[in-house]
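>>> whatever this is, show me its structure:
(one chain, ligands or ions: 2)
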Amino acid sequence: MGRVLAVDPLHPQPAVVAEAVRVLRGGGLVAFPTETVYGLGANALDESAVRRVFAAKGRPLGHPLIAHVEAEKSARGLARAWPEMASRLTIAFWPGPLTLVVDRATHVPDAVSGGGDSIAVRAPAHPVALAVIAGLGGPIAAPSANRHQEISPTLAAHVIKQLGDVVDLVLDGGPCATGIESTVVDVRGATARILRPGAVTLPQLREVLGGVEARVEGAPDGVGRASPGMGARHYAPRAPLRIVDSFAAAHAIVEDVSAGGEPVGVIVQGDPHGFKWPKGAMVRALGREPGDYARLLYATLHELDEVGVAAIAVIRVPDDDAWSAIADRLRRAAR
Ligand code: TXA
Ligand code: MG
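Residues are numbered from 1 along each chain as shown. Ligands and ions are numbered 1, 2, ... in the order given. Presented below is the predicted three-dimensional model:
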C-alpha cells in the first residue's frame, strides 16, 4: 500500500512537495490532484518510470500520456515544432484544462507518446500539480489515476481504491474542482481538431481560433484513430448504465431491476422531488448547470459502485456544446 500525504490544495506545504519530488526522481509514481481529475504521475523523461505508469493502470502501451508542464516555455521544449495556433490557445487557457497535441521532440521517450511521433502537453491549473512540476524541474507524464477503462478519480479515496497497491505516494488535496478531463486538441494541421471533448468547450476554442473541427462521432475504434486512448468503452462503472429520456423510463428500470430488493442508481440534473420513485431507487441530482454536473459526476458513479447498485439509469443531458464532454463520458460509460 502506497503512502498518503494530505496537502493544502491552495498553499501546498514545501515538505510535502519535496517528498513527491524525491519519489519522482527515484523513478516512482505519485498520484496528485489537478483541477480536472487526479493524475498518476511519473518523471516524463525517465522511460522506465513511464513504463511503470502503463503497468500500474493496465493501460495498453500504445495509448499516449499527457506531459504536464508549468507553462508554454517548457511545453515548447518537448515539441519539435510549435504552431502559432498553440500559443494563442495557451495564452487563452493555460494553466487550465486544455491539452495540445504537437510534434514530439526526439529527446522525449517514445513510451510517453505510445510510440507515436506526437506529444500531448498541458499546464494544469492546480497549485499542487504546478508545485510538484516546478520542484521536479521537468515534465510529469500523467494519465488519469484510474485503472484502464474504469472511472476517473476526483478524490484521493478513488485513487487509493483503484491503485493504492501500485502507487508509491498519493497527495490528497481534496476534491477536484472541474471534475471532468481536459479537452484534447490536435494543433498540427491547418485547422485545430478536437480529439477529446472536455472542460474547455468548442465555442470557447472557436472564440480564440475561429475555425476548429469538432470530433467526429462514432469513428470506429482501432485503425486510424487519432487519439488512441479514446476507446468506446471507458469511464465505466461496474453496474450497467443506461441513458433514458424521462423520469418515467428511469422508474421502469428501477422497478424492473430492483425486484430482488437491490438498490438502483438514478442520476438526474434538476429536482427529483415531487416524483414518486420506487423503493430501491438511489436518486442523485447533480445540477442543471454543466459545471456542477461535471464536478459531481465521477464521484457519484464511484459512490454508486461502492454501494453495489444493480444498475444505473441516467436522464439524458442536453445536446449542446456546454454539455458535450459530459454526454461523451456518459455514452462511453453506457457501452
Ligand atoms: O484532465 C486530464 O487531461 C487528466 C489530468 C490528469 O491531466 N489526464 C487525462 O489523461 O485524462 P488520460 O491519459 O486519462 O487521457 C489522455 C487523453 C487520451 O484520450 C489520449 O488518447 C489523449 O489524451 N492523448 C494523449 N497523448 C496523445 C497524443 N500524442 N496524440 C493524440 N492523443 C493523445
Ligand atoms: Mg483517463
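>>> do the stretch of helix or strand Asp328 belongs to and ligand 1 meet?
Secondary structure from DSSP states H and E places Asp328 in helix 324-334. No: applying Cβ under 6 Å from any ligand atom, one finds helix 324-334 separated from ligand 1 by no less than 10.3 Å. For glycine as for every other residue, the C-beta is placed from the backbone atoms N, C-alpha and C.
>>> off-centre distance for that helix?
The chain centroid and the centroid of helix 324-334 are separated by 12 Å, computed with Cα atoms, centre = their mean, to the nearest Å.
>>> for stretch 310-321, same thing?
18 Å.
>>> ok, the residue most central in space within the chain - contacts?
Central residue of the chain (Cα atoms, centre = their mean): Glu181, 3.3 Å from the mean position. Neighbouring residues of Glu181 by Cβ atoms under 8 Å, 6 or more residues apart in numbering: 36-37, 97, 144, 152, 196, 198-199, 325.
>>> on that earlier part again, contacts for the helix holding Asp328?
151, 180-181, 183, 196-199, 201-202, 232-237, 241-243, 290, 293-294, 297, 301, 314, 317, 319.
>>> recalculate using a threshold of 6 Å.
Helix 324-334 has contacts (Cβ atoms under 6 Å, 6 or more residues apart in numbering) with 180, 197-198, 234-236, 241, 243, 293-294, 314, 317.
>>> just the C-alphas of that helix, formatted as CSV.
Taking C-alpha atoms only, helix 324-334 is exported to CSV below (Å, rounded to 0.1, in the frame of the first residue of the first chain):
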residue,chain,number,x,y,z
SER,A,324,-20.8,17.7,-24.9
ALA,A,325,-18.0,16.4,-22.7
ILE,A,326,-20.4,15.1,-20.2
ALA,A,327,-22.6,13.5,-22.9
ASP,A,328,-19.4,11.9,-24.3
ARG,A,329,-18.4,10.3,-21.0
LEU,A,330,-22.0,9.1,-20.3
ARG,A,331,-22.1,7.5,-23.8
ARG,A,332,-18.9,5.7,-23.2
ALA,A,333,-20.0,4.6,-19.7
ALA,A,334,-23.1,3.2,-21.2
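>>> can you give me the buried ones in it?
324-334 (16 or more other Cβ atoms under 10 Å).
>>> got it, and stretch 314-324?
In stretch 314-324, counting by 16+ other Cβ under 10 Å, buried: 314-315, 317, 321-324.
>>> now the end-to-end length of it.
The first residue of stretch 314-324 is 15 Å away from its last residue (Cα to Cα, to the nearest Å).
>>> related to what we said a few turns ago, got the contacts of helix 324-334 as a markdown table, with pLDDT and distance to ligand 1 columns?
Conversion of these to a markdown table gives the following (pLDDT from 0 to 100; distance: Cβ to the nearest ligand atom, whole Å):
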| residue | pLDDT | distance to ligand 1 |
| --- | --- | --- |
| Ile180 | 98 | 8 |
| Pro197 | 97 | 11 |
| Gly198 | 97 | 7 |
| His234 | 77 | 9 |
| Tyr235 | 84 | 10 |
| Ala236 | 86 | 14 |
| Leu241 | 97 | 19 |
| Ile243 | 98 | 21 |
| Tyr293 | 98 | 17 |
| Ala294 | 98 | 11 |
| Val314 | 98 | 21 |
| Val317 | 98 | 19 |
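>>> which of those fall in strands?
241, 243, 314 (DSSP state E).
>>> using the three-state scheme, assign Asp103.
strand (DSSP: H, G, I helix; E, B strand; the rest coil).
>>> wait, it sits on Pro83?
No: between Asp103 and Pro83 no contact is recorded; they are 9.2 Å apart, counting by Cβ atoms under 6 Å.
>>> interface residues of the stretch 101-250 of the chain facing ligand 1?
101, 113, 116, 118-120, 122, 124, 142-144, 181-182, 184, 195-196, 227-230.
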